[in-house]
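> here is a sequence together with a model predicted from it:
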Amino acid sequence: MALLTASGLLALAAPAEAGAASAHCGGRKVRTLTFTTGYVNVYKRNGTVCAMTFQKNPGRDRSMTVSVQARGLFPVPAAGVAPRSIGPVQTHAGHRCVRVKGSVGTGSISTGWILC
């Protein structure tokens, strides 16, 4: 039973790691979500949705997050401290709606279901 639990946790962690392997999102930019301290760019290509969070004033290390979730699936998050951006994270959404979240320092944004 412990082996099944461990393999399940690894399966959940794999999408975030796979999304973070690329240096940027591919595809067409479909949204820019702005908030007080930064913005999140959202891209889409062949049913895959990708997101990255950027600082409005890059250069200083700040705590940042980004997350993308296709309806019916788990969110794919990334978090860390960086001088410019965090991500990318991606999920295969197909024709499903997605929810995107991002933050830089104390500023943040969270969408409802978009790209339906």
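On my side now, so go ahead.

> which parts of the helix or strand hosting Q69 are buried?
Assigning secondary structure by DSSP states H and E places Q69 in strand 62-70. Neighbour-count burial for strand 62-70, with 16 or more other CB atoms under 10 Å as criterion, is recorded at R62, M64, T65, V66, S67, V68, Q69, A70. Yep, even glycine has a C-beta here, placed from its N, CA and C like the rest.

> find the centremost residue of the protein, please.
S67 (3.2 Å; CA atoms, centre = their mean).

> show me what contacts the closest residue to L115 other than its chain neighbours?
Nearest residue to L115, sequence neighbours excluded (CB to CB, 6 or more residues apart in numbering): V98, at 5.3 Å. Residues in contact with V98 (CB atoms under 8 Å, 6 or more residues apart in numbering) are V42, V49, V68, Q69, A70, R71, T91, W113, I114, L115.

> please tell me how far V98 sits from L33.
For V98, the distance to L33 equals 12 Å [CB to CB, to the nearest Å].

> related to what we said a few turns ago, do you know the pLDDT at the residue nearest to the centre of the chain?
You'll see S67 listed with a pLDDT of 98.
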